[in-house]
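> based on what follows, work out the 3D shape:
(chains A and B)
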2 protein chains.
Amino acid sequence: MSIQTQTLDYRDGDVALEAFVAFNDQTAGPRPVVLIGHQWGGRDGFVEDHARRLAAAGYLGFALDMYGKGVRGNSIEENSALMGPFMEDRKRVRSRMLAALNTACGLPQADATRVAAIGFCFGGLCALDLARSGADVRGVVSFHGLLKPSGLAAHPIGAKVLVLHGADDPLAPMEDVVALRAELDAAGCDWQLHLYGGAKHAFAVPGTNVPDIGAKHHTDAERRSIATCDAFLAEVLG
Amino acid sequence: MSIQTQTLDYRDGDVALEAFVAFNDQTAGPRPVVLIGHQWGGRDGFVEDHARRLAAAGYLGFALDMYGKGVRGNSIEENSALMGPFMEDRKRVRSRMLAALNTACGLPQADATRVAAIGFCFGGLCALDLARSGADVRGVVSFHGLLKPSGLAAHPIGAKVLVLHGADDPLAPMEDVVALRAELDAAGCDWQLHLYGGAKHAFAVPGTNVPDIGAKHHTDAERRSIATCDAFLAEVLG
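Okay, here's the model as predicted:
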């Protein structure tokens, strides 16, 4: 196995973006695509590692960029300032996700008929918003994602949806879970929501411990959520 | 592989009970034990099949008996009449589950230090009540179980708890899910709750279709729940 990685310039309208792409160049033929949505700090090493991990599993891992080439936050305040405008304008989330989808699907290594998206925290919301757009993707996975509805016109959701959620995530409390359940039912999709007792926001991100926002790594929830995601991707992309 | 099966007489006080036991007699040494709780109709072929399946995976499968040797229901009315007294007297549930646990752990094929319990519908409640008793079991799994609290004095729960639940199960609506979450948090246990969109009561029981009580087999939820249960058992009993 030989994992090739590269950065890739692409655009959403006037905004220059930079993805990180990984694939196994020892396998022949087009590969199923997994888009990977980053946390509120921007496209960092964490999602790049997931792209490599997914490449080793046979996928084209595409760590997308919501913010702009080289744009990263380095504090709660900076991250919040970067994410805020997207939370206020969910059309912008949708547009960026569709730009990533179209770019990934156009790559020579990609099988554009077999695409899924996963995402962490803000990236989980981005993955859900891609499903909400009615885009032709087979599945989306949200890890400790923000669950607030987009407020945009509802589309039927053809993607299978898997929400991996910490029961003690203060950024998406049980009211949001109950509301999401109703939204996904109304959209007619195949959905699952796994609730991990005692897990807080960012449970799947090693090293995280930010009591001020209720974010903390949780070893068991990380392991279980990754295993569940892998099985789900095999189901929807296999 | 050679799966041995046998019925086994045991008692809970004055009540004569009959379990169905399965194990692979080609493996040496004591086997981790999985107790299997039946639906409201009594110990039937469905749980016997699960005992065989678990035996093939290396466990001692022990399909327990809540109602009494040979006691089975054959209609909604009969099943309801059998289950009703247990729902009214959760000490009786606890007592029957402990009788099954003690019997299984005393078998020569059993590793009494590695025990889990699973159950379906009423049996899911029984498995949860075993965990609630504070019994020394490593994990319990409820498939579309009834989630109502026992009303008995709370114990810390040492068992890991996995609740596999249909989002459209009218016998355990979201209020019960929310209440269970608070109960399990208070008991300090490692818990997960997987919610399957569109799944009703008895989703894991092939052939079920009883609109009057909101019970219906769901192929995807069955497959996913069994796979999740198997991974959980490997985690807690491995």
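
> tell me the SS of the residue most central in space within chain A?
To find the centre residue of chain A, average its C-alpha atoms and take the closest one (Cα atoms, centre = their mean): that gives A:G119, at 1.7 Å. Here A:G119 is strand, with the state taken from DSSP: H, G, I helix; E, B strand; the rest coil.

> was I right about it contacting A:V141?
Yes. In this structure, A:G119 is within contact of A:V141 by Cβ atoms under 8 Å, at 7.5 Å. C-beta coordinates here come from the backbone N, C-alpha and C atoms, glycine included.

> what's the overlap in contacts for these two?
Overlap of the contact sets of A:G119 and A:V141 (by Cβ atoms under 8 Å, 6 or more residues apart in numbering or on different chains) consists of A:A127.

> so what's the closest residue to A:V163 other than its chain neighbours bridging to?
Nearest residue to A:V163, sequence neighbours excluded (Cβ to Cβ, 6 or more residues apart in numbering or on different chains): A:L193, at 4.3 Å. The partner list for A:L193 in beta bridges (DSSP bridges) reads A:V163, B:L195.

> what about the longest helix seen in chain A, distance to the chain center?
Of all the segments assigned as helix in chain A under DSSP state H, the longest by residue count is helix A:219-237. Using Cα atoms, centre = their mean, to the nearest Å, we find the averaged C-alpha position of helix A:219-237 to lie 13 Å away from the chain's own average C-alpha position.

> now check it, is it near chain B?
Yes. Interface with chain B: helix A:219-237 contributes A:D220, A:R224, A:A227, A:T228, A:A231 (Cβ under 8 Å from any Cβ of the partner chain).

> ok, the third one - contacts?
Taking Cβ under 8 Å, 6+ apart as the definition of contact, the neighbours of A:A227 are B:A231.

> let's see it at 10 Å
Under the criterion of Cβ atoms under 10 Å, 6 or more residues apart in numbering or on different chains, the contact partners of A:A227 comprise B:T228, B:A231, B:E235.

> any of those buried? List them.
Neighbour-count burial (16 or more other Cβ atoms under 10 Å in any protein chain shown) applied to those gives B:T228, B:E235.

> how about a markdown table for the contacts of A:A227, with distance to A:S133 and pLDDT added?
Formatted as a markdown table, the entries for those read as follows, by distance: Cβ to Cβ, whole Å; pLDDT from 0 to 100:
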| residue | distance to A:S133 | pLDDT |
| --- | --- | --- |
| B:T228 | 29 | 96 |
| B:A231 | 32 | 96 |
| B:E235 | 36 | 95 |
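
> considering only the contacts of A:A227, which also neighbour chain A?
Cross-checking those against chain A (Cβ under 10 Å from any Cβ of the partner chain) gives B:T228, B:A231, B:E235 as the overlapping residues.

> isn't A:K160 right up against A:A127?
No. Here A:K160 does not reach A:A127: they are 11.8 Å apart, not a contact under Cβ atoms under 10 Å.

> have a look at those two and say which one is more surrounded.
The residue with the greater number of neighbours, taking A:K160 and A:A127 and applying other Cβ atoms under 10 Å in any protein chain shown, is A:A127; the counts read 31 against 21.

> grab the nearest non-local neighbour of the more buried one.
Spatially, and ignoring its direct neighbours in sequence, A:A127 is nearest to A:G119 (3.8 Å; Cβ to Cβ, 6+ apart).

> likewise for A:G70?
That would be A:E18: by Cβ to Cβ, 6+ apart, it lies 6.9 Å from A:G70.

> is that neighbour bridged to anything, and to what?
The bridge-partner assignment for A:E18, based on DSSP bridges, gives A:D9.

> returning to what we had before: got a list of what the residue nearest to A:A127 touches?
Taking Cβ under 10 Å, 6+ apart as the definition of contact, the neighbours of A:G119 are A:35-39, A:47, A:50, A:64, A:66, A:97, A:125-130, A:140-146.

> what pLDDT does the model give A:L195?
For A:L195, the pLDDT comes out at 97.

> wait, it sits on A:H165?
Yes. Because the distance of 5.5 Å satisfies Cβ under 10 Å, A:L195 is recorded as touching A:H165.

> out of the two, which sits in the more crowded spot?
A:H165 (28 against 24).

> which ones are touching that one?
For A:H165, the residues meeting the contact criterion (Cβ under 10 Å, 6+ apart) are A:124, A:142-145, A:147, A:172, A:174, A:176-177, A:180, A:193-196, A:199, A:201, A:203, A:221, A:225, B:193, B:195.

> if you set the cut-off to 8 Å instead, what comes out?
Taking Cβ under 8 Å, 6+ apart as the test, what A:H165 contacts is A:S142, A:H144, A:G145, A:L147, A:A172, A:V177, A:L193, A:H194, A:L195, A:Y196, A:A199.

> that older thread, partner residues bridging the residue nearest to the centre of chain A?
On DSSP bridges, the residues paired with A:G119 through beta bridges are A:G37, A:S142.

> where exactly do the strands run in chain A?
Secondary structure of chain A (DSSP state E): strands at A:3-12, A:15-24, A:31-37, A:60-63, A:110-120, A:139-143, A:160-166, A:191-196, A:209-210, A:215-216.

> for B:G70, find the nearest of those strands.
With Cβ to Cβ as the measure, strand A:191-196 is the member of the strands of chain A nearest B:G70 (38.8 Å).

> relative to strand A:139-143, how tilted is the closest one?
In this structure, strand A:191-196 runs at an angle of 20 degrees to strand A:139-143, with axes from the mean of the first three to the mean of the last three Cα atoms, to 10 degrees as the basis.

> okay, buried residues for strand A:191-196 please.
A:W191, A:Q192, A:L193, A:H194, A:L195, A:Y196.

> stretch A:102-110 now?
In stretch A:102-110, residues buried by neighbour count (16+ other Cβ under 10 Å) are A:T103, A:A104, A:C105, A:L107, A:Q109, A:A110.

> please apply the same query to stretch A:131-150.
Those would be A:131-135, A:137-147, A:150, for stretch A:131-150 by 16+ other Cβ under 10 Å.

> under the pLDDT cut-off, which ranges of chain A? List them.
Low-confidence segments of chain A, defined by pLDDT under 70, are absent.

> switch to 90 and redo it
Across chain A, residues meeting the criterion (pLDDT under 90) sit at A:1, A:27-29.

> returning to what we had before: could you dump the ones next to chain A among the contacts of A:A227 to JSON lines with distance to A:G70?
Putting the ones next to chain A among the contacts of A:A227 into JSON lines (distance: Cβ to Cβ, whole Å) gives the following:
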{"residue": "B:T228", "distance to A:G70": "41"}
{"residue": "B:A231", "distance to A:G70": "40"}
{"residue": "B:E235", "distance to A:G70": "41"}
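
> ok, these vs A:S75, which is closest?
When the ones next to chain A among the contacts of A:A227 are compared for distance to A:S75 (Cβ to Cβ), B:E235 comes out closest, at 37.2 Å.

> distance check, the closest one against A:A204.
Summarising the geometry, the distance separating B:E235 from A:A204, computed by Cβ to Cβ, to the nearest Å, is 17 Å.

> same check, this time on A:E77
Using Cβ to Cβ, which is the criterion applied here, A:E77 is 23 Å from A:A204.

> swap in A:L82?
Counting by Cβ to Cβ, the gap from A:L82 to A:A204 is 20 Å.

> higher neighbour count, those two?
Neighbour totals were compared for A:L82 and A:A204, and A:A204 leads with 26 against 19 (other Cβ under 10 Å).

> dump the residue contacts of A:P206.
Applying Cβ under 8 Å, 6+ apart, one finds that A:P206 lies in contact with A:H217, A:E222.
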